[in-house]
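>>> Here is a sequence together with a model predicted from it:
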Amino acid sequence: MKYFRELLKNMDLILLTLPVIFAVISIIMIGSTAYDGEFVFSRSIKVQIAAFVIGAGVLFVTMLLDYNKFERVHWYLYAFSILFLLTVFIPGLGSEQYGSRAWLDLKVIYLQPAEIVKITFTLCYAAFLTKYQESLQTWKGFFVAVGYVIPFLFIIVVLQNDLGNALVLLVGAVFMLFAAGLRTRIFLTAAAAVCAAVPAAYFVLAPHQRERIDAFLHPEDLSLEGNYQVWNSKVAIGSGGITGKGLFQGTQKELKFLPVQDSDFIFSVICEEFGFLGGFVVIALYGLYLFRIFRIGTNAKDLYGNLIVMGIFGMFLFQIFENIGMTMGIMPVTGVTLPFISAGGTSVITNMFALGLILNVCIRSKVINF
């Protein structure tokens, strides 16, 4: 017990407090999307509250487990992650939504395995890169490291048609590769080759994914799926002005012009009702959140801890940028949620799991002597 008390002295209290602030914002704004003359405790709010409560327990347990234990079982975790992704293809259990077969219908809630696997993948990949760090200085080592990731991307992108979560996972992997010491020359050459292959990859994507890319490239064409919603999102953000229309007073939201307003486009609701200042405050809070995570990663006591934190940092950074960017029309529309604020039980619990791992590395960043 004394050991755990000493560990908790290293806790980053600011990083622990920020999700509480995000939770308050989330519940208020989800409530605003369901507002009907009075605040309504909709099913989305109840699920969100339950997810934060469960997530708090997950965070606490994850934080107290020594993260190095995951390194010892990373191949078992790798196999579990692959099999868990494939459960969505079990008849009667898997469910298709928004063009992606990426959910499990548990009757009470829908569970998205890819959300959880993003974190278990980070634990696996961090262990792999720690063991084979020196090989990253060669092309052979680089290709082996890429091969480790391909099964996850294939299942999520090709089989599940879930481009959003695949991009989040991929960005996290890139951040870990850099943190592990990948040679810049190798990365730049590989990046150039990927960019050259993008046009060909376009034709491999599912129809709804191609439509979203077409819409992004031709924002003036409102007949393309997604552009009308993005146009309304930009109207909502712009109409909020500096201080906003006031809580529950958003007209774009109230008239249901905004799609998936409690999840994908919740940032638009925030800006319409609280204006530029409200949006700025949310972005500033995320900036502080990312800064604290990055600092923990750089202060980690070992490479494995550093890679875990940097991988999660990359995922959070991309999710925040992508979600806010798509509401403004500067990024393609995907199903990527705004961490901690968008409605979604699986997303909230996964984010709390990820934060638990970060705090796990944080409290063990200093050597404790007795």
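Sure thing, it's come through.

>>> Helices along the stretch 251-370 of the chain, start to end?
251-254, 266-298, 303-328, 345-363 (DSSP state H, counting those that start in this stretch).

>>> For residue 162, which of those helices is the nearest?
When the helices of the stretch 251-370 of the chain are compared by CB to CB, helix 345-363 sits nearest residue 162, at 12.6 Å. In short, each C-beta sits where N, CA and C put it, glycine included.

>>> Share the number of residues neighbouring residue 121, please.
26 (other CB atoms under 10 Å).

>>> any idea which element it lies in?
Per DSSP states H and E, residue 121 falls inside helix 113-131.

>>> and that helix, C-alpha only, in PDB?
The C-alpha coordinates for helix 113-131 follow below in PDB (Å, rounded to 0.1, in the frame of the first residue of the first chain):
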ATOM      1  CA  PRO A 113     -14.100  -3.300 -31.300                       C
ATOM      2  CA  ALA A 114     -11.800  -1.000 -33.400                       C
ATOM      3  CA  GLU A 115     -12.100   1.700 -30.700                       C
ATOM      4  CA  ILE A 116     -10.600  -0.600 -28.000                       C
ATOM      5  CA  VAL A 117      -8.200  -2.300 -30.400                       C
ATOM      6  CA  LYS A 118      -6.600   1.100 -31.200                       C
ATOM      7  CA  ILE A 119      -5.200   1.000 -27.600                       C
ATOM      8  CA  THR A 120      -4.400  -2.700 -27.400                       C
ATOM      9  CA  PHE A 121      -2.500  -2.300 -30.700                       C
ATOM     10  CA  THR A 122      -0.500   0.600 -29.200                       C
ATOM     11  CA  LEU A 123       0.600  -1.700 -26.300                       C
ATOM     12  CA  CYS A 124       1.600  -4.400 -28.800                       C
ATOM     13  CA  TYR A 125       3.400  -2.200 -31.300                       C
ATOM     14  CA  ALA A 126       5.300  -0.400 -28.500                       C
ATOM     15  CA  ALA A 127       6.600  -3.700 -27.300                       C
ATOM     16  CA  PHE A 128       7.500  -4.800 -30.800                       C
ATOM     17  CA  LEU A 129       9.400  -1.600 -31.600                       C
ATOM     18  CA  THR A 130      11.200  -1.700 -28.200                       C
ATOM     19  CA  LYS A 131      12.500  -5.100 -29.000                       C
END
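
>>> Show the average pLDDT along it.
Helix 113-131 comes out with an average pLDDT of 93.

>>> Which strands or helices does it pack on?
The contact analysis (3 or more CB pairs under 8 Å, 6 or more residues apart in numbering; DSSP states H and E) places helix 113-131 against helix 68-72, helix 74-86, strand 100-105, helix 139-153, helix 163-179, helix 303-328, helix 345-363.

>>> how does it look with 7 Å?
helix 68-72, helix 74-86, helix 139-153, helix 163-179, helix 303-328, helix 345-363 (3 or more CB pairs under 7 Å, 6 or more residues apart in numbering; DSSP states H and E).

>>> Would you point out which residue is most central in the protein?
residue 319 (4.7 Å; CA atoms, centre = their mean).

>>> and it, what does it touch?
By CB atoms under 7 Å, 6 or more residues apart in numbering, the residues touching residue 319 are 168, 336-337, 339.

>>> Try it again at 8 Å.
Contacts for residue 319 (CB atoms under 8 Å, 6 or more residues apart in numbering) come out as 168, 336-339.

>>> again, but for residue 306
Neighbouring residues of residue 306 by CB under 8 Å, 6+ apart: 179, 297-298, 300, 361.

>>> one more time with 6 Å
By CB atoms under 6 Å, 6 or more residues apart in numbering, the residues touching residue 306 are 179, 297, 300.

>>> just to revisit the earlier point, can you tell me which of the helices of the stretch 251-370 of the chain comes nearest to residue 163?
Per CB to CB, nearest to residue 163 of the helices of the stretch 251-370 of the chain: helix 303-328, 10.8 Å.

>>> Next, the angle helix 163-179 makes with the closest one.
Calculated by axes from the mean of the first three to the mean of the last three CA atoms, to 10 degrees, helix 303-328 forms an angle of 140 degrees with helix 163-179.

>>> Give me the distance between helix 303-328 and the centre of its chain.
7 Å (CA atoms, centre = their mean, to the nearest Å).

>>> same question for it, mean pLDDT?
On average, helix 303-328 scores 94.

>>> Report the buried residues of it.
The neighbour-count check on helix 303-328 (16 or more other CB atoms under 10 Å) flags 303-320, 322-328 as buried.

>>> repeat for stretch 65-72
In terms of neighbour count (16+ other CB under 10 Å), stretch 65-72 has its buried residues at 67, 70-71.

>>> I'd like those laid out as TSV, including distance to residue 354 and pLDDT.
Output for the buried residues of stretch 65-72, formatted as TSV (distance: CB to CB, whole Å; pLDDT from 0 to 100):
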residue	distance to residue 354	pLDDT
67	12	89
70	13	90
71	17	89
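
>>> closest to residue 211 among these?
Of all the buried residues of stretch 65-72, residue 211 sits closest to residue 70, with 38.9 Å by CB to CB.

>>> which one in the contacts of residue 319 is the model shakiest on?
Within these, residue 336 has the lowest pLDDT, namely 86.

>>> just to revisit the earlier point, against residue 207, how distant is the residue nearest to the centre of the chain?
Separation of residue 319 from residue 207 (CB to CB, to the nearest Å) stands at 25 Å.

>>> Buried ones in the helix holding residue 121, by neighbour count?
In helix 113-131, counting by 16+ other CB under 10 Å, buried: 113-130.

>>> between it and helix 74-86, how many degrees?
160 degrees.

>>> Quick check, pLDDT for the closest residue to residue 56 other than its chain neighbours.
Leaving aside its chain neighbours, residue 56 sits nearest to residue 352 (6.6 Å; criterion: CB to CB, 6 or more residues apart in numbering). Per-residue pLDDT puts residue 352 at 95.

>>> again, but for residue 84
91.
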